[in-house]
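Student: Let's see this in three dimensions:
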Amino acid sequence: MSGDHNTFNATRVLILLAVLTAVEVGWALVHEPLGIGIWPMRLGLIFLAIWKGYLIFMFFMHMKFEGWILKGLMVPTLPLMCIVVFANMPDTSFNDKIVYPIGSMASSDGAEVVELEDVSEMRGVLPHNAASHEAGGH
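Tutor: Below is the predicted model:
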């Protein structure tokens with residue numbers, strides 16, 4: 001059959017990905033001399049990255065030749081990734097508002113929280129600046 005739609009030419013897709021990468025680099029470098037603002041530059045880079053991701057997903061992950069059921073199973077992936085990222089954001093973004101900083105630990109009797117420097121001493125590990133100070137460096 002001359003109209004076979006299940007043909008795949010990896011070289012052609014790879015060349016297109018290389019061209020898109022070159023366009024991304026060029027777009028990032030010429031946005032200032034052309035007077036393109038920062039937001040159009042960023043949106044252009046996001047568009048090109050999505051296009052490259054689509055090509056990789058469809059051809060190198062062979063989704064172009066799969067049925068609608070398998071493609072449908074991929075739909076929940078993006079919302080689940082967003083849920084994971086945004087659910088962890090309060091723990092990571094607002095670290096300075098946490099009562100006990102990340103890395104601190106309770107003392108052996110649980111009565112107090114031990115500071116980060118004391119934790120490293122308890123574990124037998126000196127902080128980076130303390131190790132260089134003991135070695136004679138200032």
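Student: Which parts of this protein are strands?
Tutor: Counting by DSSP state E, the chain has strands at residues 105-106, 113-114.
Student: Leaving out chain neighbours, which residue sits closest to G37?
Tutor: Nearest residue to G37, sequence neighbours excluded (Cβ to Cβ, 6 or more residues apart in numbering): H31, at 7.7 Å. For glycine as for every other residue, the C-beta is placed from the backbone atoms N, C-alpha and C.
Student: residues contacting that neighbour?
Tutor: G37, I38, P40, M41, G44 (Cβ atoms under 8 Å, 6 or more residues apart in numbering).
Student: Any stretches of this structure with poor pLDDT?
Tutor: Residues of the chain meeting the criterion pLDDT under 70: 1-6, 92, 94-138.
Student: same thing but 90
Tutor: Low-confidence segments of the chain (pLDDT under 90): 1-10, 28-42, 54, 57-78, 81-82, 84-138.
Student: By residue count, tell me the biggest helix in it.
Tutor: The residue-count maximum for a helix in the chain (DSSP state H) belongs to helix 10-30.
Student: List the buried residues in it.
Tutor: By neighbour count with 16 or more other Cβ atoms under 10 Å, helix 10-30 contains the buried residues L17, E24, W27.
Student: Can you tell me which of those is nearest K52?
Tutor: Distances from K52 to the buried residues of helix 10-30, taken as Cβ to Cβ, are shortest for L17 (5.8 Å).
Student: so where do the helices sit in this protein?
Tutor: Under the criterion DSSP H, the chain contains helices at 10-30, 38-55, 68-73, 77-93, 116-122, 128-134.
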